[in-house]
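> prediction below, plus the sequence it came from.
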Protein chains: 2
Amino acid sequence: MKKGAGSLALFGGNPAFTRPLSIGQRNFVGWDRVEHALRGIFSRRYYTNHGPLVQELEERLAGFFGVRHVLCMTNATIGLMIAAKALGLTGKVLVPSFGFPGTVQSLTWAGLEPIFCDIDPVTHLITVASAEQGITPEVSAILGVHLWGNICHPGELARVADEKGLRLYFDAAHAFGCSCNGVPAGQFGDMEIFSFHMDNMLNSLEGGCIATNDDNLAEIIRNIRSSYGIRKSMTVSVTGNGRMSEAQAALALLSLEDFPRNRAANQERFELYQKRLSVIDGIRLVCPSSETQSNYQHVVAEIDEAAFGLSRTVLTSIIEAENVGSPLYPAGSIHHHEPYRTLYPGLQEAFHQTDKVSSRFLQLPTGKHVSGEDIQTLCDIITIAREQAGDIRALLKVKE
Amino acid sequence: MKKGAGSLALFGGNPAFTRPLSIGQRNFVGWDRVEHALRGIFSRRYYTNHGPLVQELEERLAGFFGVRHVLCMTNATIGLMIAAKALGLTGKVLVPSFGFPGTVQSLTWAGLEPIFCDIDPVTHLITVASAEQGITPEVSAILGVHLWGNICHPGELARVADEKGLRLYFDAAHAFGCSCNGVPAGQFGDMEIFSFHMDNMLNSLEGGCIATNDDNLAEIIRNIRSSYGIRKSMTVSVTGNGRMSEAQAALALLSLEDFPRNRAANQERFELYQKRLSVIDGIRLVCPSSETQSNYQHVVAEIDEAAFGLSRTVLTSIIEAENVGSPLYPAGSIHHHEPYRTLYPGLQEAFHQTDKVSSRFLQLPTGKHVSGEDIQTLCDIITIAREQAGDIRALLKVKE
């Protein structure tokens, strides 16, 4: 165990982790199960084009979410792009600025203009008040984001959308297996789009799906996604290849079997972090709201520099030096990044909570590859950082 | 062997093929090699995000095409969409109407307006004359299509593009391993986009790539494709998830090893069809132009109803009934299909060659799963159809 600021890897000590500790879930199944599943594909000789495993996955996921339709996609970005086209949106779409670039970029691909709004500083989610502030007559939809496994007020947002005659859909990349007041994610708004990227809870390496209870929307999506799997041919404004392959579906089906165990292990890791970090001044974990049942797929902390004694940036450097990957991804407020920075010069000071959170948050590693011992080690390092903040500041001055 | 019109499956005979004979290539490698390649991915525990196999594939393909840059994509439609955005195109793009919907749809996704042009009735390709006829001041690029493994006049089209100050790029989905006057596809225009869908020559189930000699374009594409694999960070107008997974790259690498053998086998199949069908009146195979070295991935026939005695539609029904899949895909002239039919009412009579070819062509099965015996059987059936056209017409009248 490290002792003293000088033992930190940032100042020349050995890194605490001999292998890189990534932030994402990486819930991989063992090769023996994968081999069995893929061998089946190769013996059937049916590899893509809405095959039997994709169909099985869509049925299983519809049952899991409790929705009428699940449409699998090759990745969630394509899913978001197809969702926007399927809703027939025009003009502007309201979206929180805090999150991942892909959410907002899907609107740009669909020929729509993103209208950014602020977030709640405690949950990091879009709020009804911030949404209402952003709605203008040109706004045709709200694209909510269930960040970090937290569910963003689907009932209240639906009320606002109804009142204003707007469509409502959700980027649910982080929300697989979460629920709000007992209602599972997948059932909210006009549709919800999930990601099965390896960093998320359900894992098909790359992949995703759209969940909806709307029969007509589902059929439009099938017609846009590709010519395979269409139940009723319809005229749509655009088509594109959103197909998931059988190999992706095979991995997702295995990952779905493991979901309850992976979720429980995430919760244990989260609670261990919480136990260790809640006694340290100046750092707090973002916790699920009281309405949300979380999948705990992210462990997100906020640093109060005045209380902690070090800035978020310095703590991040300390953690990264110990062989932990990218605690600052996503980079934060999307409206500060191109092309939106140039497009919206007037917005650069507009969202105080988003800017505050962006400057204070960092992610801590969790997922199958992170052990309780790893978490103890990392919390020891954060404890050293807090207790020896003065020495660290002095060492950093010398380094300059 | 079937004898007489009554023995055809369309009129109640047993289908000639006990298993379905698909049109696409389906060049799959054996499970033992796949298992070895995939096991390596699972032991490295690196599954996507521009991993070592994607990097190896990009290098190998750059060598294969003889170009400076290859950028792998999750599918070719995404590749075409990203290509249009990377070129910074505005306004209208000239594209042949005859082909696959994805080519034209990529322009719609990129916020561009397709301007259709006619094709050569012999090669089914865009011609310099048809391109020149379609160019207006609002056209910013030409999107050529190398259909059926035929290469579309890259030198002459480049001259036209240069004269008019237009960008030039190619949908090369069918042209993997083809060349024109000794220059490999991949080197033409500003860039070329290949598809590794299982129906094409190189096979990663779903997948594709962009080939280019332009360093700046390559870097823009890397910046659009995702945050992984970027060499130099740049501001781009949009980003999106175009990532290829390691599993896709593993399959493509195996398929690349098999390319010479698969190409040679395609050529044998083509020549067998040619030998049998060249002696039948009213049917001709679309052959590579004298400048093109083809991969022979498609066997495309045209039916002259007056000389053959049956319409293309009737011959297609006869062949399909024998357990052969979709000889009419693609459906033909894209400008006759929605949304373009409604957008361009004035074009519906405009392209005589495209309309003529669309009404006459059909595809015959080829690829690894199609044996010489299968081809002999199918050519026997086509021979019966031609020789007993009168009886068939009479039987069809009775059926009505």
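Looks like it arrived, so ask away.

> what ranges do the helices span in the stretch 101-250 of chain A?
For the stretch 101-250 of chain A, applying DSSP state H, counting those that start in this stretch gives helices covering A:101-109, A:128-134, A:154-164, A:215-225, A:246-277.

> export the ones you listed to TSV and tack on distance to chain B, mean neighbour count and mean pLDDT?
No exception for glycine: its C-beta is placed from N, CA and C like everyone else's. As requested, the helices of the stretch 101-250 of chain A are exported to TSV (distance: least, C-beta to the nearest C-beta, whole Å; neighbours: other C-beta atoms under 10 Å in any protein chain shown; pLDDT from 0 to 100):
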stretch	distance to chain B	mean neighbour count	mean pLDDT
helix A:101-109	5	24	95
helix A:128-134	22	17	94
helix A:154-164	25	16	95
helix A:215-225	9	20	97
helix A:246-277	6	20	97
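
> B:Thr136 is nearest to which of the ones you listed?
helix A:101-109 (26.1 Å; C-beta to C-beta).

> show me what the closest one is packed up against.
Packed against helix A:101-109 by the contact rule (3 or more C-beta pairs under 8 Å, 6 or more residues apart in numbering or on different chains; DSSP states H and E) you find helix A:76-86, strand A:92-96, strand A:113-117, strand A:139-145.

> using PDB, write out every CA atom in the third one.
Okay, so that is strand A:113-117. C-alpha atoms of strand A:113-117 as PDB (Å, rounded to 0.1, in the frame of the first residue of the first chain):
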ATOM      1  CA  GLU A 113     -30.900  21.400 -35.300                       C
ATOM      2  CA  PRO A 114     -30.000  20.600 -31.700                       C
ATOM      3  CA  ILE A 115     -31.300  23.000 -29.100                       C
ATOM      4  CA  PHE A 116     -29.300  22.500 -25.900                       C
ATOM      5  CA  CYS A 117     -30.600  22.700 -22.400                       C
END
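
> can you point out the buried residues in it?
A:114-117 (16 or more other C-beta atoms under 10 Å in any protein chain shown).

> near chain B, which residues of the stretch 201-350 of chain A show up?
Contacts of the stretch 201-350 of chain A with chain B, taken as C-beta under 8 Å from any C-beta of the partner chain, map to A:205-206, A:235-241, A:243, A:245-247, A:338-339.

> mind giving me the PyMOL command for buried ones among these?
The PyMOL selection below is limited to those of those classed as buried (16+ other C-beta under 10 Å):
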select buried, chain A and resi 205+206+236+238+239+240+241+243+245+246+247
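
> give me the subset of the residues of the stretch 201-350 of chain A next to chain B lying in strands.
Using DSSP state E, the subset of those located in strands is empty.

> check the residues of the stretch 201-350 of chain A next to chain B and tell me the two furthest apart.
Pairwise distances across these (C-beta to C-beta) peak at 37.9 Å, for the pair A:Glu246 and A:Glu338.

> sorry, back to before: got the helices of the stretch 101-250 of chain A as a markdown table, with distance to A:Met198 columns?
Formatted as a markdown table, the helices of the stretch 101-250 of chain A follow (distance: least, C-beta to C-beta, whole Å):
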| stretch | distance to A:Met198 |
| --- | --- |
| helix A:101-109 | 15 |
| helix A:128-134 | 31 |
| helix A:154-164 | 27 |
| helix A:215-225 | 22 |
| helix A:246-277 | 9 |
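
> out of those helices, nearest to B:Pro137?
helix A:101-109 (26.5 Å).

> between that closest one and strand A:139-145, how big is the angle?
For helix A:101-109 against strand A:139-145, the angle by axes from the mean of the first three to the mean of the last three C-alpha atoms, to 10 degrees is 160 degrees.

> and A:Gly13, how close does it get to A:Asn323?
12 Å (C-beta to C-beta, to the nearest Å).

> thinking again about what came up before, need the helices and strands packed on helix A:101-109 in CSV (columns: mean pLDDT and distance to chain B).
Formatted as CSV, the helices and strands packed on helix A:101-109 follow (pLDDT from 0 to 100; distance: least, C-beta to the nearest C-beta, whole Å):
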stretch, mean pLDDT, distance to chain B
helix A:76-86, 98, 4
strand A:92-96, 97, 15
strand A:113-117, 96, 11
strand A:139-145, 97, 16
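
> just say which of those is most tucked in.
helix A:76-86 (a mean of 29; mean count of other C-beta atoms under 10 Å in any protein chain shown).

> what's near enough to touch the residue nearest to A:His69 when sequence neighbours are not counted?
By the measure of C-beta to C-beta, 6 or more residues apart in numbering or on different chains, the closest residue to A:His69 outside its immediate chain neighbours is A:Ala218, 3.6 Å from it. Shown in contact with A:Ala218 (C-beta atoms under 8 Å, 6 or more residues apart in numbering or on different chains): A:68-69, A:71, A:212.

> what are the contacting residues of stretch A:307-325?
Counting by C-beta under 8 Å, 6+ apart, A:8-10, A:15-23, A:280-283, A:302-303, A:305, A:326-328, A:359-362, A:364-365, A:378, A:381-382, A:385-386, A:389-390, A:392-393, A:396 sit against stretch A:307-325.

> of those, which belong to helices?
A:305, A:359-360, A:378, A:381-382, A:385-386, A:389-390, A:392-393, A:396 (DSSP state H).

> let's have the contacts of A:Ala218 in TSV, adding distance to A:Trp148, neighbour count and pLDDT.
Listed next are the contacts of A:Ala218 as TSV, based on distance: C-beta to C-beta, whole Å; neighbours: other C-beta atoms under 10 Å in any protein chain shown; pLDDT from 0 to 100:
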residue	distance to A:Trp148	neighbour count	pLDDT
A:Arg68	28	13	98
A:His69	26	21	98
A:Leu71	25	29	98
A:Thr212	23	27	98
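
> can you list the weak-confidence ranges in the stretch 251-400 of chain A?
A:331 (pLDDT under 70).

> which residue is the nearest non-sequential neighbour of the residue of it found nearest chain B?
Closest approach between the stretch 251-400 of chain A and chain B, counting by C-beta to the nearest C-beta: A:Glu338, at 4.2 Å. Spatially, and ignoring its direct neighbours in sequence, A:Glu338 is nearest to B:Thr235 (4.2 Å; C-beta to C-beta, 6+ apart).

> quick check, the one you found in contact with A:His337.
No - in this structure B:Thr235 lies outside contact range of A:His337 using C-beta atoms under 8 Å: 9.0 Å.

> how about the contacts made by A:Cys180?
Counting by C-beta under 8 Å, 6+ apart, A:Cys180 has contacts A:151, A:153-155, A:188, A:291-293.

> so of those, which ones are in strands?
Short answer: the contacts of A:Cys180 in strands (DSSP E) are A:292-293.

> now the contacts of A:Cys180: which count as buried?
A:151, A:153-154, A:188, A:292-293.

> of all these, which two lie farthest apart?
So, these by C-beta to C-beta: farthest apart are A:His153 and A:Gln293, at 14.7 Å.

> residue nearest the centroid of chain A?
Note on chain A: the residue nearest the mean C-alpha position is A:His174, at 3.5 Å, using C-alpha atoms, centre = their mean.

> I figured that residue hits A:Ser294, correct?
No - between A:His174 and A:Ser294 there is no contact under C-beta under 8 Å: 9.3 Å.

> between those two, which contacts overlap?
What both A:His174 and A:Ser294 touch, as defined by C-beta under 8 Å, 6+ apart, is the set A:148-150.
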